[in-house]
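Asks: Dropping a prediction and its sequence here:
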Amino acid sequence: MTVLYPVVNAGVETAPAPATPVTLAASFDACRRLHRLHGTTYYWATMALLRMVRPYVHALYGLCRYADEIVDAFDDVAVSQRRYRLNELRKQLRRDLRVGDSDHDVLKAVVFTARAFALPTSAFERFFDSMESDLEVSRYDTYADLERYMDGSAAVIGELMLPILDPTDTDAAFGGARDLGVAFQLTNLLRDVGEDLDRGRVYFPLDELAHFGVDIESRRVDDAWADFCCFQIDRMQVLYRRADEAITYLPPSSAGSIRAARVLRPDPRPYRRQRIRRLFAQSACADRTEAARRRRRMARGTENAVRPAGQIDDAVIVVDQHDRATGSCAKLEAHRAPGVRHRAFSAMVFYADGRWLLQRRAATKYHFGGRWTNSCCSHPRPGGTLVAAVVHPIGEALGLVADVITAHGAFEYRATDSQSGLVEHEIDHVFSVQTTGLLAFDRNEISACTWRAPRQVADALEHDPSRFTPWLAPVVEMLSTSLLRAAS
């Protein structure tokens, strides 16, 4: 075993605990409730996601809604006071992202999500720029002006969501993710035009309104308004089509969720010559009965959506002896003799009482089947982060949501499976994962699970190492050393 970097204790939660700490579970639940209350369409669409992914989507929506409530609430709060509150939220998120933790009911989950998926700080800054502009700008002269606003209010949401949805090719899906965010916002702007007028805002470009002869302030429904709506709808459909191409890069559960959001959004096409007058009603939207029917349909059959098990053709990151990426190759190719050095991770889930979770690999696994090993092990995808790679299989294979993820170091090893002839040559990054969730493991991947004290695991490895995978012993050694140092 070659240790590549020192044992560290640089987990996601590193800030000093506040006097009355907000738990991560409570923060995720606060975001979920905001999502459920205010974002019904998107909330039901998340039912198509894997259970372990949903909290991170709720966290992003929770931040958006929390900021939006500061800006848009119908009350007597002065603009200067709203600007102050929004700026304080922005500064706190900036500080919390730098520290790595938060004592804010909503931001704690946001910070965890941002660190787990390596979300860029600049994206959050662009979001707040657009939120602040809503306090200053009530009209947009051209579509280019509106696009600059939507970069931070809509396109950036697609950028932030993309790593959570786990695309196979992030670069290829990036543009489509932005397009989908913009398409959703344009659909909402057309739906909510009356409500925005009540707030004194006109989002649609003034030059386009003038071109079609629309006097939007009068709320008059005529052929000019209908023609203008058709023009906007054509623009949306171009964006939706481009976004559909990006969906092909998403795994089945993520793709299903995005398609669900498409199904549940008010379809703009019926507005072409029908129900145009309803656009000026404060609560105008697609028929509520139909929307409810769609939500029920999506809830059925998506609650237990999972990614197909047993796939071994995913790409892995090929690395040199210093763990520097040099390329990628198919997973099975990397494991054929003599083996290609690649990046991997091993996670050990531990419960509040200190016991570790061991799993017995399914006999059908492509190598080392039937052996006992650590809670979860897999490979980050090219372009993905290690922590994000940990989060996904912890949920897929074990049905758990991570409360705290801590990195402990990495080592290199090489081992051959005598039955399959496949070779593991990995730089293995070791993580511990704290959880209080209920175990619900995938029997296509795992044949059995057991909770054991660390001392019991070490004794069993020493007594009969053939029952265990070859990487478990160095994982246990690294974890034990790290935990001892932390306790001293």
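Replies: Received it, and whenever you're ready, just let me know what you need. Residues are numbered from 1 along each chain as shown.

Asks: Going along the chain, name the strands of the chain.
Replies: 2-5, 315-319, 325-330, 342-350, 356-361, 372-373, 376-378, 404-416, 423-434, 446-452 (DSSP state E).

Asks: Report the buried residues of the second one.
Replies: For strand 315-319, a neighbour-count test (16 or more other CB atoms under 10 Å) marks Ala315, Val316, Ile317, Val318, Val319 as buried. Every C-beta, even on glycine, is put in place using the N, C-alpha and C of the backbone.

Asks: which one of those is nearest Gly384?
Replies: Of all those, Ile317 has the smallest distance to Gly384: 8.6 Å, by CB to CB.

Asks: bridging residues for that closest one?
Replies: Ser328 (DSSP bridges).

Asks: what's the distance between Arg98 and Ala114?
Replies: 11 Å (CB to CB, to the nearest Å).

Asks: Likewise for Cys229?
Replies: 38 Å.

Asks: And these two? Which one has more around it.
Replies: Ala114 (26 against 22; other CB atoms under 10 Å).

Asks: How about that one: what's its closest non-neighbour residue?
Replies: Leu97 (5.9 Å; CB to CB, 6 or more residues apart in numbering).

Asks: Same question for Leu209.
Replies: Ile216 (5.7 Å).

Asks: Test my guess that the one you found contacts Val193.
Replies: Yes: judged on CB atoms under 8 Å, Ile216 makes contact with Val193 at a distance of 7.4 Å.

Asks: Neighbour count for these two, which is higher?
Replies: Set Ile216 next to Val193 and count neighbours by other CB under 10 Å: Val193 wins out with 23 against 16.

Asks: What spatial separation is found between the more buried one and Gly158?
Replies: 23 Å.

Asks: Could you list the low-pLDDT ranges of the chain?
Replies: 1-20, 39-41, 48, 50, 73-75, 262-313, 395-397, 401-403, 436-442, 486-488 (pLDDT under 70).

Asks: For the helix of greatest length in it, which residues meet the burial criterion?
Replies: Ranked by residue count under DSSP state H, the longest helix found in the chain is helix 223-247. Residues 225-226, 228-230, 232-233, 235-236, 239-240, 242-243, 246-247 are the ones in helix 223-247 that count as buried (16+ other CB under 10 Å).

Asks: Return the distance of it from the chain's centre.
Replies: 27 Å (CA atoms, centre = their mean, to the nearest Å).

Asks: Output the contacting helices and strands for it.
Replies: On a contact count with 3 or more CB pairs under 8 Å, 6 or more residues apart in numbering; DSSP states H and E, helix 223-247 meets helix 170-191, helix 206-211, helix 252-264.

Asks: Pull up the gap between Cys230 and Asp223, please.
Replies: 10 Å.

Asks: scratch that, Cys376
Replies: 61 Å.

Asks: Excluding covalently adjacent residues, which one is nearest to Asp105?
Replies: The nearest residue in space to Asp105 (CB to CB, 6+ apart) is Ala30, at 4.9 Å.

Asks: residue contacts, that neighbour?
Replies: Gly62, Asp105, Val106, Ala109 (CB atoms under 8 Å, 6 or more residues apart in numbering).

Asks: Where helices are concerned, which of those residues count?
Replies: Filtering the contacts of Ala30 for helices - DSSP H - leaves Gly62, Ala109.

Asks: rewinding a little: list the contacts of the residue nearest to Leu209.
Replies: Per CB under 8 Å, 6+ apart, neighbours of Ile216: Val193, Leu197, Val202, Phe204, Leu209.

Asks: Tell me which two of those residues sit farthest apart.
Replies: Leu197 and Leu209, at 12.3 Å, using CB to CB across these.

Asks: Who are the contact partners of the closest residue to Leu63 other than its chain neighbours?
Replies: Excluding the flanking residues, the one nearest Leu63 by CB to CB, 6+ apart is Val110, at 4.8 Å. Counting by CB under 8 Å, 6+ apart, Val110 touches Cys31, Ala59, Leu60, Gly62, Leu63, Leu93, Ser102.

Asks: likewise Gln92?
Replies: Gln92 neighbours (CB under 8 Å, 6+ apart): Ser102, His104, Leu107.

Asks: Drop anything exposed from these.
Replies: Using 16+ other CB under 10 Å, the buried ones in the contacts of Gln92 are Ser102, His104, Leu107.

Asks: Go through those residues and name the one nearest Leu400.
Replies: Distances from Leu400 to those, taken as CB to CB, are shortest for Ser102 (22.4 Å).

Asks: isn't that closest one right next to Arg115, touching?
Replies: No: contact criterion CB under 8 Å: Ser102 and Arg115 do not qualify, at 10.8 Å.

Asks: what's the spacing between the closest residue to Asp145 other than its chain neighbours and Ala155?
Replies: Of all residues not flanking Asp145 in the chain, Pro205 sits nearest, at 7.0 Å (CB to CB, 6+ apart). Using CB to CB, we find Pro205 at a distance of 17 Å from Ala155.

Asks: Over to Ile427?
Replies: Counting by CB to CB - Ile427 and Ala155 are separated by 36 Å.

Asks: so what's the residue sitting nearest the centre point of the chain up against?
Replies: Centrality entry for the chain: nearest residue to the mean C-alpha point is Ile164, 2.5 Å, by CA atoms, centre = their mean. Taking CB under 8 Å, 6+ apart as the contact definition, Ile164 lies against Val53, Tyr56, Val57, Leu60, Thr113, Phe117, Ala388.

Asks: what about the residue lying closest to the last one once chain neighbours are set aside, how many residues close to it?
Replies: Using CB to CB, 6+ apart and skipping residues adjacent in sequence, the residue nearest Ala388 is Phe117, 4.7 Å away. In terms of burial, Phe117 registers 21 neighbours under the definition other CB under 10 Å.
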